[in-house]
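> what's the 3D shape of this:
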Amino acid sequence: MRGLTLAYGGLIGLLIVLGFAIAVLGNPKAGYPVAQLAIAPARPQRLAHAAPAQPPPGSPVQNTQAPPPEPGQAPPVQPATAPGAEPSLPANIVPATVAKPVFAGRSLVADPALIEATSDGPLPRIADNGRAPMDAYAAMTPPAGKPKIALVIAGLGFSARDTSAALAQLPASVTFAFAPYSNDAQRWVAEARRLGHEVLVEVPMEPYDFPESDPGPHTLRAGTDEEANTQRLVWALTRFTGYTGITNLLGSRFMADQDSLSPVMTFLTRRGLLFYDNGSVSKSLAPQVARRTGTAFAQSNVTIDRIQTAMEIDRRLSELETRARTSGAAGGTGFVYPVTLERVSLWAQGLSGRGFVLVPASAIVTRSN
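Residues are numbered from 1 along each chain as shown. Okay, the predicted model is just below:
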């Protein structure tokens, strides 16, 4: 028993000595890394568009309005479109029945003198005084004297976001080609005209690998009788007003078929419309057929975004300048890819300083008699 008492006494003494050593010399684990977590009550954040929180019952009413900006500081600007939301549609300014000329800003969008009313919709025609739609709806052409470059950006009307981005980023001299499939195309066309852009219709035409590659309903088909293709062409031409002519949507087979292409060119000539060959068809017979039918015609020399990288698009735009410098005029085509819009916007800013002028598609057409 005495031995056990001595053992307990020794243990207590040892603990006392150890406690005294820690107090004097410090914690032996003080050099070890220690993670500490400070937890504080979360403060509610005020959202820019959130309603101010109501005070608890019985508390004094506080001023919940945002403080005014500091002197000389502009108030914050809220974006017109919330991130992730589709852009709002432009106003519908073209009535179902056009009884008088309709303008978007200073640009003509619809004129009853240039319209034949059909069951499909308003079909362009040459006015009684000889005025043609390709002249009446043409965008302003800058003064001559420098090599001219026309650039057509296609694919507008499929996406409200892409169409809105093109309208916001690209200069007025860029020509826009709208697909005929959107129910809202007329609204976007009117907005494009208001901003000064010239407009074309993308007419779907049969490619070699149809129907694997399908441009959509009402495609003009090679080997189909003239009446059927004319009806399909009329459908595309009656989707909206305010354009100078058409360009091809695909069409490698159709545009290599002279017998199918000739009636289309003849129809365009009689309606006062131009044809802009987008250059995607290597064996296109459009230049030869246009000369024979007297159709106002232009052909793209360069597709700027077959490869959608900034470096490749810049290289193609440089090639377009080289062709314009050599020939006096050149045409290019691109699609409404975000990278295309970005590179074209930057390229166009310095174009005049490099000795070129950006013009609408109608400014480089060849008119045969």
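> what number of residues lie near the closest residue to Thr97 other than its chain neighbours?
Leaving aside its sequence neighbours, Thr97 sits nearest to Ala117 (CB to CB, 6 or more residues apart in numbering; 7.6 Å). C-beta coordinates here come from the backbone N, C-alpha and C atoms, glycine included. By the measure other CB atoms under 10 Å, the count of residues near Ala117 is 13.
> ok, Pro95 next?
Applying other CB under 10 Å, I find that Pro95 has 10 neighbouring residues.
> and stretch 354-366, which residues are buried?
Using 16 or more other CB atoms under 10 Å as the test for burial, stretch 354-366 gives Phe356, Val357, Leu358, Val359, Pro360, Ala361, Ser362, Ala363, Ile364, Val365.
> how about stretch 302-316?
Across stretch 302-316, burial judged by 16+ other CB under 10 Å covers Val302, Thr303, Ile304, Asp305, Ile313, Arg316.
> quick one: the residue nearest to Thr97 from Leu123, how far?
8 Å (CB to CB, to the nearest Å).
> try Ala132
14 Å.
> neighbour count for the two, which is higher?
More crowded of Ala132 and Leu123, by other CB under 10 Å: Ala132, with 21 against 18.
> list the contacts for the more buried one?
Ile126, Gly272, Leu273 (CB atoms under 8 Å, 6 or more residues apart in numbering).
> about what we covered before: out of the buried residues of stretch 354-366, which are inside helices?
Cross-referencing the buried residues of stretch 354-366 against helices under DSSP state H gives no overlap.
> among those, which ones are in strands?
Val357, Leu358, Val359 (DSSP state E).
> does the last one touch Met140 like I think?
No - here Val359 lies out of contact with Met140, judged by CB atoms under 8 Å, at a distance of 9.3 Å.
> can you show me the helices along the stretch 151-300 of the chain?
Under the criterion DSSP state H, counting those that start in this stretch, the stretch 151-300 of the chain contains helices at 160-169, 185-194, 226-237, 258-271, 286-293.
> most packed of those?
helix 185-194 (a mean of 24; mean count of other CB atoms under 10 Å).
> which one among the ones in strands among the buried residues of stretch 354-366 gets closest to Ser284?
Closest to Ser284 out of these is Val359 (22.3 Å), distances taken as CB to CB.
> please report how far Asp277 lies from Gly245.
Separation of Asp277 from Gly245 (CB to CB): 11 Å.
> of those two, who's got more company?
Comparing Asp277 with Gly245 by neighbour count (other CB under 10 Å), the higher total belongs to Gly245, at 31 against 21.
> skipping adjacent residues, who's closest to that one in space?
In space, Gly245 is closest to Leu274, 3.4 Å off (CB to CB, 6+ apart).
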